[in-house]
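Asker: Mind looking at a prediction? Sequence and model below.
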Amino acid sequence: MTAIPDIMLSNGQNIPQLGFGVFLVKPEDTVAAVSTALEAGYRHIDTAEMYGNEAEVGEAISRSGLNRSDVFVTSKLANDAHEPDDARRAFDESLKALGFDYLDLFLIHWPLPTRYDGDYVSTWNTLEEFYRDGRARSIGVSNFQPRHLRRLHTESDIPPAIDQIEVNPYLTQDELRGFCAEHQTAIEAWSPLGRGNVLGDPTIEAIARRVGKTPAQVVLRWHIERGDIIFPKSVTPERIRENIEIFDFELPAADVGAISALNRNERTGPDPDKFDGR
Ligand code: NAD
């Protein structure tokens, strides 16, 4: 396996460009799935309080024998914990569940602009505390639109290092990616395979046949060529290993363009401007 490249964030921290996501991985399956991923060479795990499997992620990392510093771990603030005191408690609980004394990255999971009087800024200010006291090495947001990011830029001190947003060949998010590029905010592309929906696309299948890779590998490589950070999810060991074998080939610009041209602005998840987290 060729090494997974790091992306340097605006605060100087490095994050492996490919990781392993555990959304909808049942707690009882999580230790096995994360262990398989670590054995295959993944060194970046994306979880969240709302996934209900932080304890099992921590257990798999502890059982692996790797040093804590060898694995980049992200968690996210639950939607019902945006009030500053709730956020402080939730952050402590995430650390406790994982068995860690720091997180590599902590994110506000959703902006929830229709809740908490539209105040995600004081939630962000609370994450700034975790960054300043060193218990979150980097802080960022998820599902924030340009207008939400703009408020953080104008009303707080520390800019988000990352925006984790839904991106796949049917939802290329060019405007939001452009805004983040201008502001040195790295993009994490969640559901990078469109939860499997894009894998039967004829354009993707044709490229996969030509380059001798699977459709999943072609889509993941397309994200890598565009510079986004990804963490595909699978509980199937063969697929976990397949999804990391994407650093021994490149996609020519014409293929990257052909896949980007499949955009339909089609979400699989909620609209961040409307979603109230309930
Ligand atoms: P994904 O795009 O990674 O797709 C996962 C599905 O694709 C699997 O369940 C499987 O059915 C299929 N699959 C995986 N590998 C395959 C392969 N090699 N061949 C064929 N099919 C394959 O979707 P996801 O799990 O929703 O997203 C990945 C991660 O993104 C999550 O685990 C989570 O960490 C993160 N996420 C974040 C948010 C957010 O709001 N921040 C929302 C959703 C997901």
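Answerer: Yes, it's here.
Asker: Alongside the ligand, which residues does the stretch 151-278 of the chain contribute?
Answerer: By the rule Cβ under 6 Å from any ligand atom, the part of the stretch 151-278 of the chain lying against the ligand is 164, 190-196, 199, 216, 231-234, 239, 242-243, 269. (Glycine included, C-beta is placed from N, CA and C.)
Asker: Low-confidence stretches in the stretch 151-278 of the chain?
Answerer: Along the stretch 151-278 of the chain, no part satisfies pLDDT under 70.
Asker: what's around D163, how many residues?
Answerer: 25 (other Cβ atoms under 10 Å).
Asker: Identify the residues contacting the host helix or strand of it?
Answerer: Assigning secondary structure by DSSP states H and E places D163 in strand 162-166. Strand 162-166 is contacted from outside by 9, 15, 46, 76, 105, 107, 138, 140-144, 149, 173, 176, 180, 185-191, 229, 267-269, using Cβ atoms under 8 Å, 6 or more residues apart in numbering.
Asker: Stretch 109-127 now?
Answerer: Residues contacting stretch 109-127 (Cβ under 8 Å, 6+ apart): 48-50, 76-79, 82-84, 87-88, 106, 108, 136, 139, 141-145, 148, 151-152, 155-156, 160, 272-277.
Asker: From those, keep the buried residues only.
Answerer: 48-50, 76-79, 82, 87, 106, 108, 136, 139, 141-145, 148, 151-152, 160, 272, 275, 277 (16 or more other Cβ atoms under 10 Å).
Asker: State whether I158 is indeed within a strand.
Answerer: No: counting by DSSP: H, G, I helix; E, B strand; the rest coil, I158 falls outside a strand, being coil.
Asker: Now P16: phi and psi?
Answerer: Per-residue torsions, P16: phi -60, psi 130 (degrees, to the nearest 10).
Asker: Show me the beta-bridge partners of the residue lying closest to it once chain neighbours are set aside.
Answerer: Distances taken as Cβ to Cβ, 6 or more residues apart in numbering place H44 nearest to P16, at 4.1 Å, with adjacent residues excluded. On the basis of DSSP bridges, H44 takes part in beta bridges with F72.
Asker: burial count for H44?
Answerer: 23.
Asker: Tell me who's in contact with T185.
Answerer: 10, 140, 149, 159-163, 179.
Asker: measure it to the ligand for me?
Answerer: For T185, the distance to the ligand equals 15 Å [Cβ to the nearest ligand atom, to the nearest Å].
Asker: Equivalent analysis for R210, please.
Answerer: 18 Å.
Asker: likewise G52?
Answerer: From G52 to the ligand the distance is 13 Å (Cβ to the nearest ligand atom).
Asker: What is the neighbour count of the closest residue to the ligand within the stretch 1-150 of the chain?
Answerer: Closest residue of the stretch 1-150 of the chain to the ligand, Cβ to the nearest ligand atom: G21 (2.4 Å). For G21, the neighbour count with other Cβ under 10 Å is 23.
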